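In: I would like to see how this sequence folds:
(4 chains)
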2 protein chains.
Amino acid sequence: MNEDFEFPILTVDGVIFQLVNDELCVLLTQRAFEPFLGAWALPGMYISKDQTSREALELTLIQKTGISTSQIELIEQPYAFDAPQRDPRGYAVTIAYIGLARDVMPGVHRGADDKIQNPHFTSLAKLPKLAYDHMSIVQFAHNRLKILAASSNVLAGLLPRTFTLLQLQSAYEAVLSRKLDKRNFRKKIQSLGLIETTGESSREGAHRPAQVYRFCNGSTLRHHTI
Amino acid sequence: MNEDFEFPILTVDGVIFQLVNDELCVLLTQRAFEPFLGAWALPGMYISKDQTSREALELTLIQKTGISTSQIELIEQPYAFDAPQRDPRGYAVTIAYIGLARDVMPGVHRGADDKIQNPHFTSLAKLPKLAYDHMSIVQFAHNRLKILAASSNVLAGLLPRTFTLLQLQSAYEAVLSRKLDKRNFRKKIQSLGLIETTGESSREGAHRPAQVYRFCNGSTLRHHTI
DNA sequence: ACAAAAGTGTTAAGAATACACCCATGT
DNA sequence: ACATGGGTGTATTCTTAACACTTTTGT
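Out: I've put the predicted structure just below:
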């Protein structure tokens, strides 16, 4: 164990979900370097010796997508992916974070070099081919999100501060990829005590106004079943 | 991104569970090097540039505990733990694997240098202070195991090939840290179709013999609720 | 005979599912 | 008037949880 010990390539990637038009989307950028120049990929970067994986994630999100982690709720424990042959320079390990965003507009950010980064939230249903093993990382993250959504209130991170019950239901449906019964959903979600009415009502469109809800203060992660 | 880019210290640790006398235990070794020389720790080592985390895990298990990964069922995705200050040499990341063992006797293995490694399965209820942040890694892993045990058949990895229903129930109780009702447990576990009787019966002790069961062939990970 | 684990059913409460109509609004 | 999403209740099925006694063996 000497000072010259060489470690594998270590990178961090963020799998940032957001709802766009009731579709579950994931944040992608176009790679500005080889390998996979021009291909779509999760925002990510090398972790250097003097920064934590979390710091590297924050840096790459700002640099490549213009999004600050203060706009994102990171969930859970980071996962490690071994990906042999993912990089021509040798064996590489990536640490994947899962995050939830709401109302975030990625903006092209031009840093030291201004190659394209072209950040976009892309619907999971219409993903292009992704660089590296990022497709399987996205699938893994989506699966985790499904499990969490069905058994906790994490979806708060995907919704605006206030919302109607139909919006909430749509969020669940988008994440779980299945339809829910309106009456059963309302019964369930109301009985959990996670949300409370704001007293306001949303008067939009040619139909009856809907009551507006918010997640209760101090409703930390709780477990239930949808 | 040049060839001299320096990455954080990258290590791998195994959280290997085994049942000993109906208690859930985890495999620990005594550290043979600074830092934490002599302290109890999870078996683990540095991952070098030309090996995968999985290979490093296999190597450290053999070297420090004499256990081969063929004797272990690794479960799930590896987790990454950022642990600032975990190593005096700088920021370090460890990749934790969770594994299940049965009937495994760790043996002291003496490799290139023969410092103590002293591998033992230690009851979770009686853990000593652990090196680094290993205590929180163990707690995290135990939590994952509880969730998996309550919702799948992973516990197969902790049990002998054949077992009585009471042994199976004890395994669940040890992992979940709570008592289960015998009749409800049997009803449930039988209805899941995960196990089948071997036709044999175990005639041990001054009491009625018990039927012996095994997990069904091809019963890959399945989900249920205990 | 007795100690010790094996084995077995029923009931009650709660949770999940399936299902159809009226309401309030804007155009 | 009509189109649109907002809102509500009940019956059925399934799942869970609580609970105690008889059986078979070894000593």
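In: For the rest of this, base every contact and every neighbour count on C-alpha atoms.
Out: Will do.
In: From the contact counts, what lies against the helix or strand hosting residue A:18?
Out: Assigned by DSSP states H and E, residue A:18 falls within strand A:9-20. Judged by 3 or more CA pairs under 8 Å, 6 or more residues apart in numbering or on different chains; DSSP states H and E, strand A:9-20 is in contact with strand A:23-30, strand A:44-46, helix A:53-65, strand A:92-101, strand A:120-123.
In: With distance to residue A:129, mean neighbour count and mean pLDDT added, can I get these in a markdown table?
Out: Output for these, formatted as a markdown table (distance: least, CA to CA, whole Å; neighbours: other CA atoms under 10 Å in any protein chain shown; pLDDT from 0 to 100):
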| stretch | distance to residue A:129 | mean neighbour count | mean pLDDT |
| --- | --- | --- | --- |
| strand A:23-30 | 11 | 23 | 96 |
| strand A:44-46 | 17 | 22 | 93 |
| helix A:53-65 | 19 | 22 | 93 |
| strand A:92-101 | 18 | 24 | 95 |
| strand A:120-123 | 12 | 19 | 96 |
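In: still on that earlier bit, average model confidence for the strand holding residue A:18?
Out: Strand A:9-20 comes out with an average pLDDT of 96.
In: That strand pairs with which strands?
Out: Strand A:9-20 has these partner strands in its sheet, going by DSSP bridges: strand A:23-30 (antiparallel), strand A:44-46 (antiparallel), strand A:92-101 (parallel).
In: Just the angle for that strand relative to helix A:53-65, thanks.
Out: Interaxial angle, strand A:9-20 versus helix A:53-65 (axes from the mean of the first three to the mean of the last three CA atoms, to 10 degrees): 60 degrees.
In: Chain A: strands as residue ranges?
Out: A:9-20, A:23-30, A:40-41, A:44-46, A:72-82, A:92-101, A:120-123, A:162-163, A:195-202, A:210-215 (DSSP state E).
In: Turn these into a markdown table, including distance to residue A:59.
Out: Converted to a markdown table, the strands of chain A look like this (distance: least, CA to CA, whole Å):
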| stretch | distance to residue A:59 |
| --- | --- |
| strand A:9-20 | 10 |
| strand A:23-30 | 14 |
| strand A:40-41 | 16 |
| strand A:44-46 | 9 |
| strand A:72-82 | 13 |
| strand A:92-101 | 13 |
| strand A:120-123 | 17 |
| strand A:162-163 | 30 |
| strand A:195-202 | 34 |
| strand A:210-215 | 30 |
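In: among those strands, which is nearest residue B:153?
Out: Closest to residue B:153 of those, according to CA to CA: strand A:72-82, at 22.4 Å.
In: Buried residues, that closest one. List them.
Out: By neighbour count with 16 or more other CA atoms under 10 Å in any protein chain shown, strand A:72-82 contains the buried residues A:72-74, A:78-82.
In: contacting residues around it?
Out: Strand A:72-82 is contacted from outside by A:92-102, A:137, A:157, B:52-53, B:77-81, B:95, using CA atoms under 8 Å, 6 or more residues apart in numbering or on different chains.
In: With stretch A:168-179 instead?
Out: The contact list for stretch A:168-179 (CA under 8 Å, 6+ apart) reads A:19, A:22-24, A:142, A:145-146, A:149-150, A:155, A:158-159, A:180, A:182, A:185.
In: how about a cut-off of 10 Å?
Out: Residues outside stretch A:168-179 that contact it (CA atoms under 10 Å, 6 or more residues apart in numbering or on different chains): A:17-25, A:124, A:142-143, A:145-147, A:149-150, A:155-156, A:158-160, A:162, A:164-167, A:180-182, A:185-186, A:189, A:213, A:226.
In: Residue for residue, what is the longest helix chain A has?
Out: Counting residues, the longest helix found in chain A (DSSP state H) is helix A:134-151.
In: how about it, does it get close to DNA strand C?
Out: No - on the criterion CA under 7 Å from any atom of the strand, helix A:134-151 is out of touch with DNA strand C, staying 9.3 Å away.
In: So that helix, near chain B or not?
Out: Yes - shown here: helix A:134-151 in contact with chain B (CA under 10 Å from any CA of the partner chain) through residue A:140.
In: Endpoints of stretch A:117-125, how far apart?
Out: End-to-end distance of stretch A:117-125 (CA to CA, to the nearest Å): 22 Å.
In: I misspoke; the intended subject was stretch A:106-118.
Out: Stretch A:106-118 has an end-to-end distance of 9 Å (criterion: CA to CA).
In: Residue A:103 contacts residue A:121, doesn't it?
Out: No - Residue A:103 is beyond contact range of residue A:121, at 11.2 Å (criterion: CA atoms under 10 Å).
In: Quick check: neighbours shared by these two?
Out: In contact with both residue A:103 and residue A:121: A:18-20, using CA under 10 Å, 6+ apart.
In: just the residues of chain A that are near DNA strand D, which are they?
Out: Contact residues, chain A versus DNA strand D (CA under 7 Å from any atom of the strand): A:164-166, A:182-184, A:186, A:206-211.
In: at 6 Å what do you get?
Out: Neighbours of DNA strand D within chain A, by CA under 6 Å from any atom of the strand: A:164-166, A:182-184, A:206-211.
In: ok, back up a step: the strand holding residue A:18 vs strand A:72-82, what angle?
Out: Taking the same axes, to 10 degrees, strand A:9-20 and strand A:72-82 form an angle of 140 degrees between their directions.
In: Now stretch A:75-84: average pLDDT?
Out: 87.
In: Only alpha carbons, please: show that stretch as PDB.
Out: This file holds the C-alpha atoms of stretch A:75-84, laid out as PDB (Å, rounded to 0.1, in the frame of the first residue of the first chain):
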ATOM      1  CA  ILE A  75     -32.700  10.400  -2.800                       C
ATOM      2  CA  GLU A  76     -31.200   7.500  -1.100                       C
ATOM      3  CA  GLN A  77     -27.800   5.900  -1.100                       C
ATOM      4  CA  PRO A  78     -25.500   6.200  -4.100                       C
ATOM      5  CA  TYR A  79     -25.100   3.100  -6.200                       C
ATOM      6  CA  ALA A  80     -21.800   1.800  -7.600                       C
ATOM      7  CA  PHE A  81     -21.700   0.400 -11.100                       C
ATOM      8  CA  ASP A  82     -18.800  -1.600 -12.300                       C
ATOM      9  CA  ALA A  83     -18.500  -1.200 -16.000                       C
ATOM     10  CA  PRO A  84     -15.700  -3.100 -17.700                       C
END
